[in-house]
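> Mind looking at a prediction? Sequence and model below.
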Amino acid sequence: MNRTPLLAAWGALFLLLAPSLLAQDVTVSGAWVRPTPPYVTRTALYATLHNAGGREDRLIAVAADIAERAEIHETVNEGGMLRMQPVAGGVAVPAGGEAQLKPGGYHVMLSGLKSAIWRGGSVAVTLTFQHAGDVRIEAVAADEPPQTQ
């Protein structure tokens, strides 16, 4: 049996599908972190998570070398008191949609900071998604979100 035509067909199919298989479905924009004075050991990081893929993804973990702990948190209102708590199960990013990490909602809490975060600097963070895997970002240190064009 001559397998050359079959192998050629599989090769052509791979070449057609390769760009979509290699494309990053989840991207991150507008990442920013609040600057800190030297004595403050925690801060919050915010961003917009975009999912161009055809299925829901989830932000399930975070890591940052500058912090002893990086956790996904949400702000909740309990009896008029706002408090932050870890999010079990991560943050859903809908297919073809986005999720916001923003003040008063979901955010990344960086705790046990190893150094101060200065205004205008940046912080390297790795966001881990259930399907997209690791996405490494640089979050700018600012008092408010960066302006979008």
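Yes, it's here.
> Where do the strands of this protein begin and end?
Secondary structure of the chain (DSSP state E): strands at 26-33, 42-51, 57-63, 67-78, 81-86, 91-93, 98-101, 106-113, 122-129, 133-141.
> so which of these gets nearest Gln147?
For these, the distance to Gln147 is smallest for strand 26-33, at 9.2 Å, taking C-beta to C-beta. Glycine gets a C-beta too; all of them are placed from N, C-alpha and C.
> If you count contacts, what does that closest one end up packed against?
Using 3 or more C-beta pairs under 8 Å, 6 or more residues apart in numbering; DSSP states H and E as the contact criterion, the neighbours of strand 26-33 among helices and strands are strand 42-51, strand 122-129, strand 133-141.
> Switch those over to a markdown table; also include mean neighbour count.
Shown next, in a markdown table, are the helices and strands packed on strand 26-33 (neighbours: other C-beta atoms under 10 Å):
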| stretch | mean neighbour count |
| --- | --- |
| strand 42-51 | 21 |
| strand 122-129 | 20 |
| strand 133-141 | 15 |
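> Export the ones you listed to a markdown table and append columns for distance to His73.
Putting the helices and strands packed on strand 26-33 into a markdown table (distance: least, C-beta to C-beta, whole Å) gives the following:
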| stretch | distance to His73 |
| --- | --- |
| strand 42-51 | 8 |
| strand 122-129 | 14 |
| strand 133-141 | 15 |
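> would a markdown table of these with distance to Val62 and mean pLDDT be doable?
Written out in a markdown table, the entries for those read as follows (distance: least, C-beta to C-beta, whole Å; pLDDT from 0 to 100):
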| stretch | distance to Val62 | mean pLDDT |
| --- | --- | --- |
| strand 42-51 | 8 | 98 |
| strand 122-129 | 6 | 98 |
| strand 133-141 | 10 | 97 |
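> Of those, which is nearest Arg83?
Comparing the helices and strands packed on strand 26-33 by their distance to Arg83 (C-beta to C-beta), the top pick is strand 42-51, with 13.4 Å.
> ok, that closest one: who's next to it in the sheet?
Strands that pair with strand 42-51, judged by DSSP bridges, come out as strand 26-33 (antiparallel), strand 98-101 (antiparallel), strand 106-113 (antiparallel).
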